[in-house]
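Chemist: Quick one: sequence plus predicted model below, questions after.
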Amino acid sequence: MRFILAVSVLLAAAPAVRAETYDIDASHSQIGFRIRHLVSKVPGRFTKFAGTIDFTPGKPETWKVDATIDAASINTDHEKRDAHLRNADFFDVEKYPELKFKSTKVTDVKGEGAKLHGDLTMHGVTKPVVLDLEVGGTTKDPWGNAKAGFTARGKVNRKEFGMVWNKALDAGSVMLGEEVDVVIDVEAQAKAPGAPEKGKAPAKAKK
């Protein structure tokens, strides 16, 4: 009994593992997708996004992701198609200017791989999604900044988010597929001690 009590006291007194917070470096990251068009797949990407990743190697219970994507930044290298994707048939960016992803848990950790669960908000609809996560590791760049790398892959059904536009073809099929392949590659940099959150001004020092 004394041993159990002593262990309980030690566990209660032990500090919780705190993950290091990284800012997503958009200049070295990509949020892309692919969707079937007729008989092939067309790629695209979002060029404006930001977010944070809480990460401590070997401690998946601390891993968290919170990211926001500018819907109007969609780019498929075709101006007319991009304009169509921004209108009410698809993303309706005037009404829904952002996509958001907030992780809920990490499971099935095996080596550098895991399943990343989270809530995706797109086109005004929030649905749970699961991504295949691969941890690329951590290092320091030539200027001493701590870096972490990740890749994530998954599939999203656009109709579940209210994007139902399509066009029937004479052959009896449709122009676009429903499933969208999600392709994400992220490099992130650890926040400097005391640095404000991105998009927020630093707090004023008390006099």
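Modeler: Received it, and whenever you're ready, just let me know what you need. Because the structure is a prediction, the values reported are computed rather than measured.

Chemist: Can you verify Lys159 is assigned to a helix?
Modeler: Yes: under DSSP: H, G, I helix; E, B strand; the rest coil, Lys159 sits within a helix.

Chemist: and it, how many neighbours does it have?
Modeler: Here the number of neighbours of Lys159 (other C-beta atoms under 10 Å) works out to 12. Where C-beta positions appear, they are placed from N, C-alpha and C, glycine not excepted.

Chemist: what about the residue lying closest to Glu187 once chain neighbours are set aside, neighbour count?
Modeler: Spatially, and ignoring its direct neighbours in sequence, Glu187 is nearest to His28 (4.0 Å; C-beta to C-beta, 6 or more residues apart in numbering). When neighbours are defined as other C-beta under 10 Å, His28 has 13 of them.

Chemist: Was I right to think Ile24 contacts Asp66?
Modeler: No: contact criterion C-beta atoms under 8 Å: Ile24 and Asp66 do not qualify, at 9.7 Å.

Chemist: what sits against the residue nearest to Val182 when sequence neighbours are not counted?
Modeler: Of all residues not flanking Val182 in the chain, Gly154 sits nearest, at 4.6 Å (C-beta to C-beta, 6+ apart). Contacts for Gly154 (C-beta atoms under 8 Å, 6 or more residues apart in numbering) come out as 129-132, 181-182.

Chemist: returning to that earlier point: could you check the pLDDT of the residue nearest to Glu187?
Modeler: For His28, the pLDDT comes out at 97.

Chemist: Where does the residue nearest to Val182 fall, secondary structure wise?
Modeler: Assigned by DSSP states H and E, Gly154 belongs to strand 146-157.

Chemist: May I have the strands that pair with that strand, each with its orientation?
Modeler: As defined by DSSP bridges, the strand partners of strand 146-157 come to strand 125-140 (antiparallel), strand 176-190 (antiparallel).

Chemist: That strand: which residues count as buried?
Modeler: With burial defined by 16 or more other C-beta atoms under 10 Å, the residues of strand 146-157 counted as buried are 147-152, 154, 156.

Chemist: just stretch 34-41 next, same as before
Modeler: Neighbour-count burial for stretch 34-41 flags 34-36 (criterion: 16+ other C-beta under 10 Å).

Chemist: what does stretch 69-78 give?
Modeler: Across stretch 69-78, burial judged by 16+ other C-beta under 10 Å covers 69, 71-72, 74-76.

Chemist: Could you export it as CSV, CA atoms only?
Modeler: Output in CSV follows, covering the C-alpha atoms of stretch 69-78 (Å, rounded to 0.1, in the frame of the first residue of the first chain):
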residue,chain,number,x,y,z
ILE,A,69,-6.4,28.0,-45.5
ASP,A,70,-7.4,31.0,-47.7
ALA,A,71,-10.0,29.5,-50.0
ALA,A,72,-9.5,32.2,-52.6
SER,A,73,-5.9,31.1,-53.0
ILE,A,74,-6.8,28.0,-54.8
ASN,A,75,-4.6,27.5,-57.9
THR,A,76,-4.8,24.9,-60.6
ASP,A,77,-2.8,26.9,-63.1
HIS,A,78,-5.9,27.7,-65.2
